[in-house]
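# All I have is the shape, not the residue letters:
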């Protein structure tokens, strides 16, 4: 599984489509996006296990900015961050996309597309 994360509107979907040679339709069939919006009640380990069956999982980072006053929203944000950690641990490849630029955090990107620096090399 490839796990892609980054800020909202950072170009995550566009990057994956280009790197894997997918059309937007193929992306919709083979990827799960916005996992931070899934119901985050119950066992996060089980949710992460089920998401790992997908080719690509995309999550928008939600931990930056002002901490919400609402306790339920804080808890939801906390669980979204924990889910991202679980997914990153299980993924073969982890990529963070910001401003349309990929940063390889773990593994190696399969398939056609631009060469990325290997883990630890940076951009």
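Perfect, thanks for sending it. Just so we're clear, the structure is a prediction, and the values are computed from it rather than from any experiment.

# roughly how far apart are the closest residue in space to residue 97 that isn't next to it in sequence and residue 93?
Once flanking residues are discounted, residue 97 sits nearest to residue 6: 4.1 Å by C-beta to C-beta, 6 or more residues apart in numbering. Bear in mind the C-beta positions are built from the backbone N, C-alpha and C, glycine included. Look at residue 6 and residue 93: by C-beta to C-beta, to the nearest Å, they are 14 Å apart.

# And residue 55, by the same measure?
11 Å.

# Who has more neighbours out of those two?
residue 93 (19 against 16; other C-beta atoms under 10 Å).

# show me the contacts for that one.
For residue 93, the contact set (C-beta atoms under 8 Å, 6 or more residues apart in numbering) comprises 1, 2, 3, 104, 106, 107, 108, 109, 110.

# quick one: average confidence on stretch 45-57?
When pLDDT is averaged over stretch 45-57, the result is 94.

# buried ones in it?
47, 48, 51, 54, 55, 56, 57 (16 or more other C-beta atoms under 10 Å).

# could you pull out the strands for this protein?
Under the criterion DSSP state E, strands of the chain are mapped to 2-6, 31-32, 56-60, 93-98, 101-106.

# Switch those strands over to TSV, and while doing so, append distance to residue 16 to every line.
Formatted as TSV, those follow (distance: least, C-beta to C-beta, whole Å):
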stretch	distance to residue 16
strand 2-6	6
strand 31-32	7
strand 56-60	6
strand 93-98	8
strand 101-106	9
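
# next one: phi and psi at the residue in the chain sticking out farthest from the centre?
Computed with C-alpha atoms, centre = their mean, the residue of the chain farthest from its C-alpha average is residue 69, at 25.8 Å. Main-chain dihedrals, residue 69, degrees, to the nearest 10: phi -70, psi -40.

# pLDDT score for it?
Looking at residue 69, the pLDDT reads 91.

# List the buried residues for the longest helix seen in the chain?
Using DSSP state H, we find that the single longest helix of the chain is helix 71-90. If you call a residue buried by 16+ other C-beta under 10 Å, then helix 71-90 has these buried ones: 76, 77, 79, 80, 83, 84, 86, 87, 88, 90.

# Thank you kindly, that will do.
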